[in-house]
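Visitor: Compute the structure for the input listed below.
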Amino acid sequence: MKSGIIGVSSGNFGSISSLQTTRQSRGFTLNTCVNVGPVQQTSLPTGSQINLQKGRALIEDTEKLSVPSVQGGQIVTNDQWEKVTSMTEFLIAPGKFVLVDDTEGLFVFDIMENQTGQSFSRPTIDLDSYAQTRPNADPWKYGFNNAGRQAEKGTVYGTDVVSDPDMGAVLNRSDKNQLGLQFSYNGRQTKMEVSKNGFIRVIEPSVGNRYIVNFIHNELQPHW
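Guide: Residues are numbered from 1 along each chain as shown. Sure thing, here's the model as predicted:
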């Protein structure tokens, strides 16, 4: 995984187990299935270890859909219930956080809650605090709101955008909701972006699961 949505728990939690369950709803048999691998250890740049568990999850639910048809020369729509399926990949760093592929995979938070007894939600990341730890990084993206002028919100792209003679003052006085930085991380030139509500994407370099888990743990976890 190179990107995903972070979930953090209300308390300590361990690994989870594979499962398959079914339930009945509106005449359908609905499945929930989770496949997880074994917990693996990966080394951090500090020399310590972090656990990592990889998995996939699928859930079926029902959704009311409006289905168009032609009746007596007229186009009509009828509501009917259909079975829909959501599937996602996820990574777990037991005791620390879970990372799901996209918003469609947020149902994994519910699965984690059922298995661990802890509640899971997206963190609020202090982007200003994080940016201050990378003073030599190139800020190539900033999303902002509450600018205090006619232009209340927006997203700025470029090179060293905070030094822009027109936009720099706007960014300094506004609240940040997205941040993109480029810098050297663990000996590799890294281009990333993160949102205030817990979305993370590593754009460069091409990385694996262990890299992004290490990155989240080292770079972002201290700021939520």
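Visitor: I'd like to check which residues are in contact with residue 28.
Guide: Going by Cβ atoms under 8 Å, 6 or more residues apart in numbering, residue 28 touches 60, 62, 81, 83. Every C-beta, even on glycine, is put in place using the N, C-alpha and C of the backbone.
Visitor: Which positions within the worst-scoring helix or strand of the chain on mean pLDDT qualify as buried?
Guide: For the chain, counting by mean pLDDT, DSSP states H and E, helix 168-173 ranks last in confidence among helices and strands (a mean of 75). Within helix 168-173, the residues that qualify as buried are 170, 171, counting by 16 or more other Cβ atoms under 10 Å.
Visitor: Run through the neighbouring helices and strands of that helix.
Guide: strand 138-145 (3 or more Cβ pairs under 8 Å, 6 or more residues apart in numbering; DSSP states H and E).
Visitor: Give the partner strands of the helix or strand following the strand it packs on in its sheet and their orientations.
Guide: Next in sequence after strand 138-145, counting helices and strands by DSSP states H and E, comes strand 154-157. Here strand 154-157 is paired, per DSSP bridges, with strand 138-145 (antiparallel).
Visitor: Quick check: buried residues in the partner strand?
Guide: The neighbour-count check on strand 138-145 (16+ other Cβ under 10 Å) flags 139, 140, 141, 142, 143, 144 as buried.
Visitor: swap in stretch 177-192?
Guide: Residues of stretch 177-192 classed as buried by neighbour count (16+ other Cβ under 10 Å): 177, 178, 179, 180, 181, 182, 185, 190, 191, 192.
Visitor: So which of those sits lowest on pLDDT?
Guide: Among these, residue 185 carries the lowest pLDDT, at 90.
Visitor: Let me know the distance separating that one from residue 169.
Guide: Per Cβ to Cβ, to the nearest Å, residue 185 is found 29 Å from residue 169.
Visitor: what's the answer for residue 219, then?
Guide: Distance, residue 219 to residue 169, by Cβ to Cβ: 27 Å.
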